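In: got a structure for you, letters missing:
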């Protein structure tokens, strides 16, 4: 079964500096029908104007992943970590027992466009932590590249949950598939472009929950970028 979450049905938050779309309930946007999917709790698509961003604020007991599509995102947190995240790089912050952080557009002239992803951890009270790695385009082009996993294998970042996150870049007509094991569930998020998922067209910003399927087949309709979550 495939259930599509159309981009135009997402929650919307707009400020002078921020344009955000919420796939699941977040902040002032509440929809009891869209509270997450399995351990996947948040997918926010954020666009931030030059020099602006989220000032220091706190989180607990959440795995937070940032995936930059365009521009550069400057991260600072209370563990002393300071970094800039660019396209092709994936960042994971474990909020655990509590952490404060800020996320700002690192540029004074160009906007930043990124996905903020929250995953519920397996256990509460984990020590705060941070990890960031780069995955060049050739590693993602025409294939599913593992970028985050429970055990950090194949050079992926570590996530404290039974989830595997893959990223891919597809050209028009290029097809890749993924075998979904019994009892597993998938979530496909289209980051840019249009794709065809098991025959269904998904546009940029669309997502889809996949359950009770044995194979996920994705074809690029345009030049596209997609994320695939393999969830317990």
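Out: Structure received. Note that this is a predicted model, so its numbers are computed, not measured.
In: doesn't residue 3 make contact with residue 206?
Out: No - look at residue 206 against residue 3 with CB atoms under 8 Å: they stay out of range, at 11.3 Å. Where you see a C-beta, it was placed from the backbone N, CA and C, and this is true even at glycine.
In: I'd like the average pLDDT over stretch 31-42.
Out: The predicted model gives stretch 31-42 an average pLDDT of 97.
In: Who has more neighbours out of residue 206 and residue 3?
Out: Neighbour comparison, residue 206 and residue 3: the larger count goes to residue 206, with 23 against 11 (by other CB atoms under 10 Å).
In: if I pick the more buried one, what's in contact with it?
Out: With contact taken as CB atoms under 8 Å, 6 or more residues apart in numbering, residue 206 is in contact with 4, 5, 6, 7, 189, 190.
In: With residue 164 instead?
Out: Contacts of residue 164 by CB under 8 Å, 6+ apart are 146, 148, 149, 150, 156, 229, 230.
In: in which helix or strand would I find the second one?
Out: Think residue 148. With elements taken from DSSP states H and E, the one containing residue 148 is strand 145-149.
In: buried subset of the contacts of residue 164?
Out: 146, 148, 149, 156, 229, 230 (16 or more other CB atoms under 10 Å).
In: Identify the bridge partners of the third one.
Out: Right, residue 149. residue 158 (DSSP bridges).
In: Now find how far off-centre stretch 209-229 is within its chain.
Out: 14 Å (CA atoms, centre = their mean, to the nearest Å).
In: That one - what's its average pLDDT?
Out: On average, the pLDDT along stretch 209-229 is 97.
In: Now do the buried residues in that stretch.
Out: 209-211, 213, 216, 218-221, 224-229.
In: swap in stretch 194-212?
Out: 194-197, 202-211.
In: now stretch 96-116
Out: Using 16+ other CB under 10 Å as the test for burial, stretch 96-116 gives 96, 99, 101, 103-107, 112-116.
In: of the buried residues of stretch 194-212, closest to residue 179?
Out: Distances from residue 179 to the buried residues of stretch 194-212, taken as CB to CB, are shortest for residue 210 (11.9 Å).
In: With adjacent residues omitted, what lies nearest to that closest one?
Out: In this structure, residue 210 finds its nearest non-sequential neighbour in residue 186, 3.7 Å apart by CB to CB, 6 or more residues apart in numbering.
In: The one you found reaches residue 226, doesn't it?
Out: No - in this structure residue 186 lies outside contact range of residue 226 using CB under 8 Å: 11.3 Å.
In: still on that earlier bit, can you tell me which of the contacts of residue 206 are buried?
Out: Looks like these have 4, 5, 7, 189, 190 buried, using 16+ other CB under 10 Å.
In: Residues in a beta bridge with the fourth one, which ones?
Out: For residue 189, the beta-bridge partners under DSSP bridges are residue 207, residue 227.
In: Relative to residue 56, how far out is it?
Out: According to CB to CB, to the nearest Å, residue 189 and residue 56 sit 28 Å apart.
In: Nearest the middle, which residue of the protein would you pick?
Out: Of all residues in the chain, the one closest to the mean position by CA atoms, centre = their mean is residue 117, 4.3 Å from it.
In: Quick check: residue 8 is in a helix.
Out: Yes - per DSSP: H, G, I helix; E, B strand; the rest coil, residue 8 lies within a helix segment.
In: Much appreciated, bye for now.
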